[in-house]
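J.: all I have is the shape, not the residue letters:
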Ligand code: 2BA
């Protein structure tokens, strides 16, 4: 058994949820916040047999898109009034971790 942890943008959450349901891939959705942008994102926890890992990754790949967001950093570290130039940051499609897991239903 494997656990796929997929961090995706909120904009892709609904489509990915529907696609996972259609594929009968059981999953849990968590509301999360990215450490860099401090913006909400969604973490999918997907438990799958090893044979279905590639299928699940394909579903994620097909429904999570790369986007550019404008990141406005907070006040400068040196002085609170310091002007900090906004930067374009490319986010997504999905950040994936795959870990070994043991499944038990108690
Ligand atoms: P955030 O941490 O909010 O990061 C959003 C995007 O900002 C990242 O997109 C990346 O393009 C950029 N970024 C992150 N850290 C940066 C840095 N130190 N300097 C410059 N740019 C930086 P993604 O790579 O697609 O990541 C999307 C989200 O996936 C992240 O949101 C975070 O929630 C999660 N993530 C990414 N890498 C992770 C890791 N190693 N461990 C845990 N979560 C991770």
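T.: Arrived safely, thanks for sending. These numbers come from a predicted model, not from an experiment. Numbers count the residues shown, from 1 in each chain.

J.: ok, now which ones touch the residue of the chain found nearest the ligand?
T.: Using C-beta to the nearest ligand atom, the closest approach of the chain to the ligand is made by residue 34 at 2.1 Å. Quick note: C-beta positions are derived from backbone N, CA and C, even for glycine. By C-beta atoms under 8 Å, 6 or more residues apart in numbering, residue 34 lies in contact with 7, 41, 91.

J.: cool, residue 43 as well?
T.: 5, 6, 7, 8, 29, 30, 32.

J.: is stretch 67-77 in proximity to the ligand?
T.: No - using C-beta under 6 Å from any ligand atom, we find that stretch 67-77 stays clear of the ligand, coming within 7.0 Å at best.

J.: contacts for that stretch?
T.: 9, 11, 36-37, 39, 81-84, 86-92.

J.: of all the residues in this protein, which ones are close to the ligand?
T.: So the chain meets the ligand at 7, 34, 35, 36, 37, 39, 41, 89, 90, 91, 92, 95 (C-beta under 6 Å from any ligand atom).

J.: check which helix or strand covers the fourth one.
T.: The one in question is residue 36. Residue 36 belongs to no helix or strand when assigned by DSSP states H and E.
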